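Participant: Build me a model from this:
(chains A and B)
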Amino acid sequence: MSIPDPRKLPQLLYIEDSDESRALVRRLLSHKFVVLEAADPLDGLQLAEETGPNLILLDQNLPHMSGSEVATRLHKMLPDAPIVIVSADTSTGARERALAAGAVGFISKPIDDTFESLVEEYMNGRVEKLVDAEHHMQIYQQQLVERLEDNIRQLSSSAEKNRHLLQQNQRMFSMLERRHKLLETAARVGQVVTFILDLDELLKRTVDIICSEFSLYYSGVFLVSEDGEWAVLRAGYAAAGRKMIAENYRLPVNDRSMIGKAILTQQARIVSDFAGEDAQINHPYLPNTRSEVVLPLAVEARALGALTVQSDQPDGFTEEDITSLQTMADQIAIAINNAGSMRKLEAAGEELLRTKTFEAIATATGEAIHWVGNKAAPIPGSVGRLREDVVYLLALAARRDAEALENESLSAAVRTVREEAKAKGIALDAVLKELSAMKPNQAQALVSVESMFEDLDIVENSAVTILGIKEGLIGPARQRNDTAVSLNEMITNTVANMGLPADVVELEWAANMPNAQVDGPQIEQVFNNLIKNAWEALSDTPSPRIVVKGRRDEDPNYVLVTITDNGPGIPKDIQEKIWVSFFTTKAGAGGTGLGLSSVMQIVNQHGGRIALESEAGRGAMFSVRLPAEKK
Amino acid sequence: MTTVLLVDDEKLIQRSLEKTLLRAGFDVLTASDCKSGSETFAQNAASIDIAVLDLNMPGFDGNPKTGAGLDLLDDLKKQKADVPILILTAYDEVSKAKDAVSRGANAFFVKGREQGLVELIRNILDGK
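Facilitator: Numbers count the residues shown, from 1 in each chain, chains lettered A, B, ... in the order given. Predicted coordinates:
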């Protein structure tokens, strides 16, 4: 049999106060594991931290702490190392309590010949399932509290025995009570953490809870700036905190401040009495600080900042206080980290929105160019024809004998035609000759006054359409003039003027409907457009109905008007597109696709909102929220 | 006399092109969508010498459709395989219009300089 290379063996840590048990396990397992041993749980925790073993065996019955408590601490320290509790406890629930504490398994003593294979199974990833985990977790926590209460009871009963002991015990008692409170506070911070996502709110609440619960002098949270150079104060207790926040208090991340050191080393910094040290170190707003603990806020070995806690008493913090505060600091660090992830998520969302916006703008621009190009297309043809027609007419005009007109103005006009045509190189005589060579009906066509006016109309209509597109895109070129407007009167008039068939539109105004503070003509345009759209959507609906309702919005600063039709509805896939410029479902029917985009623009400019709810086949409802008149 | 079938849903463009073609001495029949275009062609198939079709206009179901002109192109070719067809397009859709040529159109014309359309029609008919 070859001797295995011990460097390749997995490491196993066994925390056990019985020398016999340790010797037995060493003998059983040392050919497969490097067996590390500790007789005391505190030594064991240190050894675990230093070596990071692959597997941990824990005796349940240990001095100072129970195996379960050690398991909980170890599980937090080395989340990947499986922990197995070895216990002679055969009472019901012993196994469950061990699993609730963070162990993957439970081996009953005495250690027998199944031990070795069991250890190997746990080493290879066996994890015992905890049925009804929450229940057992509660029992486990209950036990912890009971143990604490037991301690307190024991201390208080012994306190009656003798006065000297009483004083000592009272000190212990208050210490334990304080520890109890710290645990409670840690739990409260934990709760706050889970539902406050806003980082500044979270940090402010945290320092408030810490100070008010412990009657501490001051507490503050520093976060490391993005460049890593500074620790910036993000929350501070009471007036001193507010003043420092207002002054953007920050410290360089270096070893010249407690904060800087705690961040750099990721270790707690403690000063138990400033009076004994350099009293000048105190911040002017915090003159009474006598002792201070600074705890690093770190997640996965990454320092995010530091928590400072200050007392106006010397030696204001015991070892246990510091342990509890560090638990709290760890929770805060996780929350800060989560808030950071949240922000990144939001930033990613904004990025997506920007991309979408750019896409929409690019589409709208492309569409705009297409439309303008299309609308402008007939202009050159019409202008070309007009140019020819004018030349023929001028040729006819120039034919007049200027002198025979017997009116100085008229003969001057004819002379001007001749001179200017000549100056422009137009050979009117040649044009006239061309005309005279034509058949009469051909010549007539070329000087048709009707045709000329039609071409002028084509040019004018094209130009008006293009200007309309421009206006629809960049909005009406006039200043808004907001006044108190009764929307129900306005809409009632608008509907009356639209000449829709009777009984199509139904108006319903709530008694509490306030006036809107808006530009009347622009908002009239909005409702005119929406009602017109609804009516056009109803062209194939047997009994068309448009219901317009108005009332005060849930947010009392707004008036809400809804326009509902019983038409075919708007399919989901085009619901977003309808707001985009140039999107139209009415090609040929005169829609430029600018109606809803300018409606939205006008509503948004007023600080209002417009939304659509629709399902294919079930009609459509547009809801418009506009600012209510302020009284 | 040469007869042109002109199908375009943009009223102003249709009228302007019609006038240009009339002045060039053509006879012009007009329609505004695939359905009426197909019907007009069916009724005058014997006299129509060339069809000028807009690329984007209402399709056979009456709804606006990108490339509806190509559907009408297929329809007209079925009615009369050798009828010359010219596709009208906006200047930013030239690549689509080139597809039209591969589907059997004789040429495409980018809307704008209308005199160019007259020359193009004459070239197509002379080359026949």
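Participant: So residue A:445 versus residue B:24, what's the distance?
Facilitator: Going from residue A:445 to residue B:24 by C-beta to C-beta, to the nearest Å gives 12 Å. Quick note: C-beta positions are derived from backbone N, CA and C, even for glycine.
Participant: so where does residue B:75 fall, helix or strand?
Facilitator: According to DSSP states H and E, residue B:75 maps onto helix B:68-79.
Participant: Double-check that residue B:29 belongs to a strand.
Facilitator: Yes: under DSSP: H, G, I helix; E, B strand; the rest coil, residue B:29 sits within a strand.
Participant: Isn't it up against residue B:3?
Facilitator: Yes: in this structure, residue B:29 is within contact of residue B:3 by C-beta atoms under 8 Å, at 6.6 Å.
Participant: Across the sheet, point out what pairs with the closest residue to chain A within chain B.
Facilitator: Using C-beta to the nearest C-beta, the point where chain B gets nearest to chain A is residue B:64, with a distance of 3.1 Å. Residue B:64 forms beta bridges with residue B:58, as assigned by DSSP bridges.
Participant: Can you check which residues contact both of residue B:29 and residue B:3?
Facilitator: The overlap between the contact sets of residue B:29 and residue B:3 (C-beta atoms under 8 Å, 6 or more residues apart in numbering or on different chains) consists of B:44, B:48.
Participant: check which helix or strand covers the residue nearest the centre of chain B.
Facilitator: Against the mean C-alpha coordinate of chain B, by C-alpha atoms, centre = their mean, the closest residue is residue B:52 at 1.5 Å. Element membership of residue B:52 [criterion: DSSP H and E] is strand B:50-54.
Participant: Just the C-alpha atoms of that strand, please, in CSV.
Facilitator: Extracted in CSV, the C-alpha atoms of strand B:50-54 (Å, rounded to 0.1, in the frame of the first residue of the first chain):
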residue,chain,number,x,y,z
ILE,B,50,-48.4,50.4,-70.4
ALA,B,51,-49.3,50.4,-66.7
VAL,B,52,-47.7,52.8,-64.2
LEU,B,53,-48.1,51.5,-60.6
ASP,B,54,-47.3,53.1,-57.3
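Participant: counting contacts, what elements does it pack onto?
Facilitator: With contacts taken as 3 or more C-beta pairs under 8 Å, 6 or more residues apart in numbering or on different chains; DSSP states H and E, strand B:50-54 sits against strand B:3-7, helix B:34-44, helix B:68-79, strand B:85-89, helix B:114-127.
Participant: What parts of chain A come near chain B?
Facilitator: Residues of chain A lying close to chain B (C-beta under 8 Å from any C-beta of the partner chain) are A:366, A:369-370, A:373-375, A:377-378, A:380-382, A:384-385, A:445-446, A:451, A:454-455, A:458, A:461-462, A:584-585, A:587-588.
Participant: In PyMOL, how would I select the buried members of those residues?
Facilitator: Once 16 or more other C-beta atoms under 10 Å in any protein chain shown is used to decide burial, the buried members of the residues of chain A next to chain B can be selected in PyMOL as follows:
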select buried, chain A and resi 370+373+374+375+377+378+380+381+382+384+385+446+451+454+455+458+461+462+584+585+587+588
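Participant: Mind checking which of the residues of chain A next to chain B land in helices?
Facilitator: Among the residues of chain A next to chain B, the members falling in helices are A:366, A:369-370, A:373-375, A:378, A:380-382, A:384-385, A:445-446, A:451, A:454-455, A:458, A:461-462 (criterion: DSSP state H).
Participant: got the contact list for stretch A:516-530?
Facilitator: Stretch A:516-530 is contacted from outside by A:476, A:480-485, A:487, A:490-491, A:494, A:498, A:548, A:559, A:561, A:563, A:595-596, A:598-599, A:602-603, A:606, A:608, A:622, A:624, A:626-630, using C-beta under 8 Å, 6+ apart.
Participant: And the buried ones among those residues, selectable in PyMOL?
Facilitator: A single PyMOL command selects the buried members of the contacts of stretch A:516-530 (16+ other C-beta under 10 Å):
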select buried, chain A and resi 482+485+487+490+491+494+548+559+561+563+595+596+598+599+602+603+606+608+622+624+626+627+628
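Participant: The contacts of stretch A:516-530 in helices, which ones?
Facilitator: A:487, A:490, A:491, A:494, A:498, A:595, A:596, A:598, A:599, A:602, A:603.
Participant: Number of residues surrounding the residue nearest to the third one when sequence neighbours are not counted?
Facilitator: Think residue A:491. Among residues not flanking residue A:491 along the chain, residue A:527 sits closest, at 5.2 Å (C-beta to C-beta, 6 or more residues apart in numbering or on different chains). Residues lying near residue A:527 (other C-beta atoms under 10 Å in any protein chain shown) number 20.
Participant: just so I have it, where are all the helices in the stretch 251-400 of chain A?
Facilitator: Secondary structure of the stretch 251-400 of chain A (DSSP state H, counting those that start in this stretch): helices at A:258-265, A:319-376, A:378-398.
Participant: which stretch in those helices has the least confidence?
Facilitator: Of all the helices of the stretch 251-400 of chain A, the minimum mean pLDDT falls on helix A:319-376 (a mean of 72).
Participant: Not counting stretch A:430-447 itself, show me its contacts.
Facilitator: Residues outside stretch A:430-447 that contact it (C-beta under 8 Å, 6+ apart) are A:388-389, A:391-396, A:398-399, A:451, B:22-23.
Participant: among these, who's most crowded?
Facilitator: When neighbours are taken as other C-beta under 10 Å, the top entry among the contacts of stretch A:430-447 is residue A:395 (23 neighbours).
Participant: Give the buried residues for stretch A:528-547.
Facilitator: In terms of neighbour count (16+ other C-beta under 10 Å), stretch A:528-547 has its buried residues at A:528-531, A:533-538, A:544-547.
Participant: Without its sequence neighbours, what residue ends up closest to residue A:623?
Facilitator: Nearest non-adjacent residue to residue A:623, counting by C-beta to C-beta, 6+ apart: residue A:562, 4.6 Å away.
Participant: now residue A:518: how far from chain B?
Facilitator: Distance, residue A:518 to chain B, by C-beta to the nearest C-beta, to the nearest Å: 34 Å.
Participant: how about the residues of chain B that lie near chain A?
Facilitator: Taking C-beta under 8 Å from any C-beta as the measure of proximity, chain B contacts chain A at B:9-10, B:12-13, B:15-17, B:19-20, B:22-23, B:32-33, B:57-58, B:63-64, B:90-93, B:111-115.
Participant: please redo it, this time with the cut-off set to 10 Å
Facilitator: B:8-20, B:22-23, B:25, B:32-33, B:54, B:56-58, B:62-65, B:68, B:88, B:90-93, B:110-115, B:117 (C-beta under 10 Å from any C-beta of the partner chain).
Participant: filter the residues you listed to the buried ones?
Facilitator: Judged by 16+ other C-beta under 10 Å, buried ones among the residues of chain B next to chain A: B:8-10, B:12-20, B:23, B:32-33, B:54, B:56-58, B:64-65, B:68, B:88, B:90, B:93, B:110-112, B:114, B:117.
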